[in-house]
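S.K.: Compute the structure for the input listed below.
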Amino acid sequence: MLDALDATILARLQFAFTVSFHFIFPSFSIGLASYLAVLEGLWLWTGRAVYLDLFKYWLKIFALAFGMGVVSGIVMSYQFGTNWSVFSDKVGPVIGPLMAWEVLTAFFLEAGFLGVMLFGMNRVGKGLHFTATLAVAVGTFISAFWILSANSWMQTPAGHAIAANGQFVPVDWIALIFNPSFPYRLVHTVLAAYLTTALVVGGVGAWHLLGGRKTEGTRVMFSMAMGMITVVAPIQILAGDQHGLNTLEHQPVKVMAMEGHFKSHADGAPLVLFGWPDMKEGKVLYDVSVPKLSSLILKHSLDAPLAGLDTVKRSEWPPVPIVFWAFRVMVGLGMLMLLLAGWSVLARARHALYDWPWLHRLALVMGPAGFVAVIAGWVTTEVGRQPYTVHGLLRTVDSVSPLEVPAVATSLLAFICVYFIVFGAGVHYILRLMSHAPQHGERGPDTAVPARAAGITPAPAVAANEGTG
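M.R.: You can find the predicted model right below:
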């Protein structure tokens with residue numbers, strides 16, 4: 001089996017595996033940090049205990065997700081030195097400072113205030129604790145800013161020069177950071193993180209509603225999640241459309257693969273809904289298409305011409321079937337999110353948001369949909385950039401370290417085993433936390449130290465829990 005693979009493919013598989021695990025946690029923690037800030041702000045503003053209960057409930061889950069995201073990110077970054085040393089050497093002057101700024105402006109901010117956020121509720125004032133929660137939420141966004149800037153530069157490189165030794169060196173940091181695809185990718189990815197969190201919160205709320213646990217906390221978090229999906233899902237579809245138009249301008253081959261356009265269309269291209277892209281035959285087999293709809297979406301004209309992969313050398317083609325289907329998974333899940341949003345609006349209008357079991361079943365099924373969608377979007381973006389690591393400038397085969405197949409295969413298998421054991425245990429514990437409905441007087445991570453030790457009189461439910469804890 002190893003004879004059929006080479007070190008480059010294995011290195012790509014290893015990076016894809018580790019980054020897929022890593023991507024799950026930041027896509028959740030970015031949205032969850034903002035949700036926690038909203039909950040604490042609502043508690044301070046209204047004084048309603050339910051917001052504090054939900055804050056403590058989700059804070060424990062956030063702590064686990066954040067920790068697993070940090071660990072998986074550190075492991076992933078080591079591969080730049082092990083499997084992708086040539087890439088690191090070539091792009092180090094560009095990517096290195098961006099990663100350093102991410103650490104200095106985001107990671108330090110998160111790390112500095114995370115302890116206060118997790119364990120300071122009974123140790124510092126309300127204002128300082130809320131400031132810490134806001135700081136962590138802002139830090140997660142800043143982290144996304146720098147990471148996505150670096151990734152977007154690899155997609156649409158700008159603001160650099162190539163030195164005599166082949167290294168990419170920055171010449172205009174503003175143009176480099178705010179490269180052509182970055183604003184679109186930032187908006188699309190952050191909205192995806194908010195949707196991912198809202199779907200998880202909504203799924204947990206739906207689980208407890210279906211189980212008859214219609215507590216105030218369950219109802220509030222389900223209502224907030226459905227409201228967030230209702231607002232963000234349509235905006236995300238619009239943002240995705242604009243991101244696609246930007247990709248058509250700067251990475252047209254990727255769009256050709258996404259659309260399954262092997263041949264050019266001079267008088268309007270069809271939208272291929274389903275089919276099987278055959279790269280050898282250069283066509284989509286068993287296709288189900290809508291005539292001229294692709295031209296309408298991409299060019300806003302039914303008869304607009306669209307170039308196909310027949311205008312590009314085959315050596316420049318990405319793996320079309322992977323890009324084609326990953327894109328459809330992402331879009332299909334986006335349509336289901338829009339359906340869930342519309343159904344929840346109807347239920348809310350009829351004062352039946354907590355009483356329609358089929359709505360709750362759909363919300364429960366859609367709970368993990370955000371994770372699947374962000375992974376599908378990442379696959380579309382990264383595989384669609386192939387055969388380059390830096391689009392049009394540095395090929396993937398010229399970026400890999402000089403490694404032997406057995407070495408990469410061994411480390412890949414080790415990663416698979418360790419990740420499924422370690423992160424499987426972490427996810428299992430998160431699901432256990434979610435399986436319990438939020439209660440009045442919910443205990444947070446800081447309840448190891450009794451509240452009365454800090455001069456705060458706990459609520460009766462909290463005092464009872466301390467006596468049995």
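S.K.: switch to C-alpha atoms for all contacts and neighbour counts from now on
M.R.: Fine.
S.K.: Look up phi and psi at residue 278.
M.R.: phi -110, psi 110 (degrees, to the nearest 10).
S.K.: And what about the residue lying closest to it once chain neighbours are set aside, helix, strand or coil?
M.R.: Once flanking residues are discounted, residue 278 sits nearest to residue 284: 5.8 Å by Cα to Cα, 6 or more residues apart in numbering. Following DSSP: H, G, I helix; E, B strand; the rest coil, residue 284 is assigned to strand.
S.K.: need the contact list for residue 284.
M.R.: For residue 284, the contacting residues are 260, 262, 275-278, by Cα atoms under 8 Å, 6 or more residues apart in numbering.
S.K.: Of those, which is the most crowded?
M.R.: Counting neighbours by other Cα atoms under 10 Å, residue 260 leads the contacts of residue 284 with 29 neighbours.
S.K.: Can you tell me how far that residue is from residue 357?
M.R.: 39 Å (Cα to Cα, to the nearest Å).
S.K.: doesn't residue 196 make contact with residue 225?
M.R.: No: judged on Cα atoms under 8 Å, residue 225 makes no contact with residue 196 at a distance of 10.2 Å.
S.K.: more neighbours, these two?
M.R.: residue 196 (29 against 25).
S.K.: what's the closest non-adjacent residue to that one?
M.R.: residue 370 (4.1 Å).
S.K.: how close does that neighbour get to residue 301?
M.R.: Counting by Cα to Cα, the gap from residue 370 to residue 301 is 32 Å.
S.K.: moving C-terminal of whichever helix in the chain runs longest, what's the next helix or strand?
M.R.: In the chain, assigned by DSSP state H, the helix with the most residues is helix 7-46. Where DSSP states H and E defines the elements, the next helix or strand beyond helix 7-46 is helix 49-82.
S.K.: and that next one, which residues are buried?
M.R.: Neighbour-count burial for helix 49-82, counted by 16 or more other Cα atoms under 10 Å, picks out 49-66, 68-69, 72-73, 76, 79-80, 82.
S.K.: and the angle for the helix or strand the residue nearest to residue 196 falls within with helix 7-46?
M.R.: Following DSSP H and E, one finds residue 370 within helix 369-385. Put simply, helix 369-385 runs at 140 degrees to helix 7-46, going by axes from the mean of the first three to the mean of the last three Cα atoms, to 10 degrees.
S.K.: Mind listing the strands the helix or strand that helix 369-385 is followed by pairs with, and their directions?
M.R.: Downstream of helix 369-385, the first helix or strand assigned by DSSP H and E is strand 388-390. Take DSSP bridges as the rule and strand 388-390 pairs in its sheet with strand 394-395 (antiparallel).
S.K.: What is the distance between the strand it pairs with and the centre of its chain?
M.R.: 26 Å (Cα atoms, centre = their mean, to the nearest Å).
S.K.: Can you pull out the low-pLDDT segments for the stretch 351-469 of the chain?
M.R.: 447-469 (pLDDT under 70).
S.K.: what comes into contact with stretch 269-280?
M.R.: 259-260, 283-295, 302-306, 320-321, 324.
S.K.: Those residues in strands, which ones?
M.R.: 283-290 (DSSP state E).
S.K.: If you tally nearby residues, what's the number for residue 314?
M.R.: 11.
S.K.: I misspoke; the intended subject was residue 389.
M.R.: Residue 389, neighbours per other Cα under 10 Å, totals 21.
S.K.: residue contacts, the residue nearest to it when sequence neighbours are not counted?
M.R.: In space, and not counting its chain neighbours, residue 389 is closest to residue 396: 5.2 Å by Cα to Cα, 6+ apart. Going by Cα under 8 Å, 6+ apart, residue 396 touches 8, 386-389.
S.K.: And residue 396, how far from residue 258?
M.R.: With Cα to Cα as the criterion, residue 396 and residue 258 are 20 Å apart.
S.K.: Report the contact partners of the nearest residue to residue 296 once chain neighbours are set aside.
M.R.: Excluding the flanking residues, the one nearest residue 296 by Cα to Cα, 6+ apart is residue 302, at 4.7 Å. Going by Cα under 8 Å, 6+ apart, residue 302 touches 267-269, 292-293, 295-296.
S.K.: can you map out the helices along the stretch 351-469 of the chain?
M.R.: 357-365, 369-385, 405-434, 460-468 (DSSP state H, counting those that start in this stretch).
S.K.: okay if I get these as TSV plus mean neighbour count?
M.R.: What follows is the helices of the stretch 351-469 of the chain, written out as TSV (neighbours: other Cα atoms under 10 Å):
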stretch	mean neighbour count
helix 357-365	19
helix 369-385	23
helix 405-434	14
helix 460-468	13
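S.K.: Could you work out which of those reaches nearest to residue 214?
M.R.: Closest approach to residue 214 among the helices of the stretch 351-469 of the chain (Cα to Cα): helix 357-365, 12.1 Å.
S.K.: So what's the gap between that closest one and the chain middle?
M.R.: The chain centroid and the centroid of helix 357-365 are separated by 23 Å, computed with Cα atoms, centre = their mean.
S.K.: Residue 308: neighbour count?
M.R.: Residues near residue 308, counting by other Cα under 10 Å: 20.
S.K.: Looks like it contacts residue 262 (just checking).
M.R.: Yes: taking contacts as Cα under 8 Å, residue 308 lies within contact range of residue 262: 5.0 Å.
S.K.: Point out where this structure drops to low pLDDT.
M.R.: If you take pLDDT under 70 as the line, the chain has these spans: 1-5, 447-469.
S.K.: Recalculate using a threshold of 80.
M.R.: Where the chain drops to pLDDT under 80, the residues are 1-7, 21, 70-78, 80-81, 120, 440-469.
S.K.: Residue 160 is nearest to which of the helices of the stretch 351-469 of the chain?
M.R.: Closest among the helices of the stretch 351-469 of the chain, using Cα to Cα: helix 369-385, at 19.0 Å.
S.K.: Remind me what the closest one packs against, helices and strands.
M.R.: helix 7-46, helix 182-210, helix 252-259, helix 320-349 (3 or more Cα pairs under 8 Å, 6 or more residues apart in numbering; DSSP states H and E).
S.K.: could you dump those helices to JSON lines with distance to residue 231?
M.R.: Shown next, in JSON lines, are the helices and strands packed on helix 369-385 (distance: least, Cα to Cα, whole Å):
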{"stretch": "helix 7-46", "distance to residue 231": "14"}
{"stretch": "helix 182-210", "distance to residue 231": "10"}
{"stretch": "helix 252-259", "distance to residue 231": "27"}
{"stretch": "helix 320-349", "distance to residue 231": "8"}
